[in-house]
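In: After the sequence you'll find the predicted model.
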Protein chains: 2
Amino acid sequence: MTLPAPLRPLSAGVGNSNDQARRHNLSTILTMLHHGGAQTRAQLTRLSGLNRSTIGALVTELVELGLAYETEPADSGLVGRPSPVVHAAENVVALTVNPDVDAITIGLVGLGGVLHKRVRYETASVPSVRETINVVSAVIDGMRSELASSYRVVGMGVAVPGLVNQVDGLVLLAPHLDWSNEPLAETVEAALGYPVSVANDAALATVAESLFGAGRGVSDLVYLNGSASGIGGGALVGGTMLRGAQGFAAELGHTMVNSSGIRCHCGKYGCLETEVNLGRLLDVLGLGAVGLDELDALVVGSQAPDVRAEVNRQLDVLAVAIGNFISIFNPESFILGGFLGSLYEADPERLRAAVKRVTFNVVGNSVRIDRAELRSRLLTIGAAELVFGGLLTDPAGTSF
Amino acid sequence: MTLPAPLRPLSAGVGNSNDQARRHNLSTILTMLHHGGAQTRAQLTRLSGLNRSTIGALVTELVELGLAYETEPADSGLVGRPSPVVHAAENVVALTVNPDVDAITIGLVGLGGVLHKRVRYETASVPSVRETINVVSAVIDGMRSELASSYRVVGMGVAVPGLVNQVDGLVLLAPHLDWSNEPLAETVEAALGYPVSVANDAALATVAESLFGAGRGVSDLVYLNGSASGIGGGALVGGTMLRGAQGFAAELGHTMVNSSGIRCHCGKYGCLETEVNLGRLLDVLGLGAVGLDELDALVVGSQAPDVRAEVNRQLDVLAVAIGNFISIFNPESFILGGFLGSLYEADPERLRAAVKRVTFNVVGNSVRIDRAELRSRLLTIGAAELVFGGLLTDPAGTSF
DNA sequence: CGGTATATGTTTCAAGGGTCAACAAAGCTC
DNA sequence: GAGCTTTGTTGACCCTTGAAACATATACCG
């Protein structure tokens, strides 16, 4: 019998509980630096509630571990001895990979969420796992000497549009990439030699927006992303990601919103994803594949009646889905990314009003609806967070 | 700025970190006894991973606090020194109240989930808050001497069918009781003198089923309850209850399942609650108000075509909702209570098959659908858990 | 410009908790 | 009854945090 997390005592297994306390506090400080940015030791002391001496010891240890560094105090203009500024070490980095139908994006992100580098490699066709590995391998080879001299690579995070079991890195199904039952973490790890973590792209986007985007400081939010490959989502519940028993939770695009709707590629009828759909939007616009920024201008700006009608239809359907999610999650904030952000921007008031019609007043009136902030950096930042997770949990225990 | 829970360091605020560790471990042991039943010290040692000496110290402290007691070792038949059995103190109790449209149920529950007493007081009409307090007050007065001599009352838990903010005990809206904006915790506390906690009834039912019912040992589950007053639900996510930003999450009865459905009393159209409905079931059965047990026999046993047709219709609609919830939560287990349990029992295979049609295979095939186990004890046990929560979190710090 | 107040880093020490090892106790096995 | 096995008990030890005293660096004020 394994105890569930909340029942696990301090010092379960090996080591004494003092170790646990130390680990926890070390983790707290590094996390504060990574998510909250550089801060003075005095600020860390106040925010953490820990003692001055303890903060001193913890910061010293983080510096020795190469995970933080201190700089001269900034001129604060306040009385008292100046407090040195503590930074998370930006040269501690995560490699990130985001395979998509038409391109593979590789990134290098440092602690603190700094985007050091990003390469977008366009592919002729939908990439297979092998092709993806080859591309990534080639790109990394090109950076090899720089990686060795200037950075410390913690690991690699992969954001996959599909059903992923985050624990073992198995991609069960990624319909748009035509991948299924791929032991991705294992394969990539064997090929490239870095520790690899894999997760669903929308889940990672949710994490990224909640830490560095429109959801900063919010502990209950729902994120909904619209792309050419459909609608994905994620939910932050009480500050932690909703994962579900097998890690397949928050498949928000495949919830029913129209009982007389058409058949979705998943086999069901009236899914949110088939009703609110980029393809149908492009159809009325008379366009083929198009970049999200370009689309945004077209959708937001268009006065053509048939475009407005389709936008309105999609907004109304979207409102029903949002209403359901609000009833289910009672989030503080609702964030829309991808073309859903454009839809929202086209008529925010229509969406807000429609959502209010389908929620209890108290709940519906208090939820904030926002557009996602991190555009192209979204998945890169999110995938890095996946890698940093382990380091942040146990800064002293992770060797790399 | 308040730090979110995962960022809070050990020993935030006052006290040193050893205190925190001690508190946590004490909490762990008491929780193990309360939820897992009486166990030997040796078992506690193995399950917790803590040291023999530590367990000894912790148990001694719990005994001194009057929260546990030890009994002679049972004849195990094994070699080695016999280990004394540690029990949670059953005389440490929670008072529980469950106001409903036609009755008020008052209970007395001991640590370990022992139901010591239960009184059901039938009311002539839907009780107001004042009437509820009067009834509860009278019942408690009748037990006063016994309470004082044999029990230690930790507090009172109230399960309310409606929107409740668990943090401040404000009942925002309980449509079937016709309560709104009632500062219930405050009022009851002032009238009766016990510390009072209030929560949504379905949320408490979820907790109860997950700890002592069909959801034992499961950390991701969704519970759906059907009663005369509609459909309520709760979700356990990674071992913790889904609450939402204001505590109004999991209003599962008011999610849309039929876009051409009829108007719900909440103002929306096609809510699960209006489509899957006890009233419509009673109509085809030609009955008025009826007990759940009686209904169960009728629904499960009936061969009448119109009854079967309505049961099937409701099952199919229910399946759509369950499918949505499965896509959203990816739970390990789905639990149906109240008349939804009867519906399920009437044709489990139809429901299972219908659910499979509206979920991804991997997800839909692995989810267990069960009927709730705790029938009439459900809310009493759940409301007690609400009271015990504080005690379990900090056994040494709670004075009562 | 120098003294004072304020805030913060640094050092040392005490308090508290958990582990470990040694020993004692209590039952089973032969 | 001797030996084995398991578990409770006790005291030494280590670790971490907090508190206090001291050191340091800045602003403020006359």
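Out: Ah, there it is. Numbers count the residues shown, from 1 in each chain, chains lettered A, B, ... in the order given.
In: Show me what residue of the stretch 251-400 of chain A gets nearest to chain B.
Out: Nearest residue of the stretch 251-400 of chain A to chain B: A:Asn330, at 2.6 Å (CB to the nearest CB). Yep, even glycine has a C-beta here, placed from its N, CA and C like the rest.
In: Name the nearest residue to that residue, sequence neighbours excluded.
Out: B:Gly244 (2.6 Å; CB to CB, 6 or more residues apart in numbering or on different chains).
In: tell me the SS of that neighbour?
Out: Under DSSP: H, G, I helix; E, B strand; the rest coil, B:Gly244 falls in the coil class.
In: same check, this time on the one 5 residues further on
Out: Following three-state DSSP, B:Ala249 is assigned to coil.
In: Please apply the same query to A:Val158.
Out: Secondary structure for A:Val158, judged by three-state DSSP, is strand.
In: How many residues are close by it?
Out: 27 (other CB atoms under 10 Å in any protein chain shown).
In: sorry, back to before: for the residue nearest to A:Asn330, grab phi and psi.
Out: Dihedral pair for B:Gly244: phi 90, psi 170, per degrees, to the nearest 10.
In: List the contacts of it.
Out: B:Gly244 makes contact with A:220, A:329-331, B:250, according to CB atoms under 8 Å, 6 or more residues apart in numbering or on different chains.
In: now A:Ala214: how far from B:Leu26?
Out: 41 Å (CB to CB, to the nearest Å).
In: and the two? which has more neighbours close in?
Out: Neighbour count, other CB under 10 Å: between A:Ala214 and B:Leu26, B:Leu26 has more, with 24 against 21.
In: Next one: the closest residue to the more buried one other than its chain neighbours from chain A, what distance?
Out: Nearest residue to B:Leu26, sequence neighbours excluded (CB to CB, 6+ apart): B:Pro395, at 4.9 Å. The gap separating B:Pro395 from chain A is 13 Å, by CB to the nearest CB, to the nearest Å.
In: B:Pro395 in helix, strand or coil?
Out: Under three-state DSSP, B:Pro395 falls in the coil class.
In: Would you list the phi and psi of it?
Out: phi -60, psi -40.
In: just to revisit the earlier point, report pLDDT for the residue of the stretch 251-400 of chain A closest to chain B.
Out: pLDDT, A:Asn330: 96.
In: and what of A:Gly15?
Out: For A:Gly15, the pLDDT comes out at 50.
In: Then A:Leu3?
Out: 53.
In: quick one: average pLDDT of stretch A:76-95?
Out: On average, stretch A:76-95 scores 94.
In: right, I mislabeled it, should have said stretch A:191-203
Out: Stretch A:191-203 comes out at a mean pLDDT of 96.
In: can you tell me the distance between the two ends of it?
Out: Stretch A:191-203 stretches 25 Å from its first residue to its last (CA to CA, to the nearest Å).
In: is it anywhere near chain B?
Out: No - using CB under 8 Å from any CB of the partner chain, we find that stretch A:191-203 stays clear of chain B, coming within 11.1 Å at best.
In: In that stretch, which residues have enough neighbours to count as buried?
Out: A:191-192, A:194-203 (16 or more other CB atoms under 10 Å in any protein chain shown).
In: cool, and stretch A:358-371?
Out: Here stretch A:358-371 shows A:358-360, A:363-364, A:367, A:369-371 as buried, counting by 16+ other CB under 10 Å.
In: which residue ranges form the strands in the stretch 101-250 of chain A?
Out: A:103-110, A:114-122, A:152-160, A:163-165, A:170-174, A:179-182, A:196-200, A:221-227, A:230-237, A:240-241 (DSSP state E, counting those that start in this stretch).
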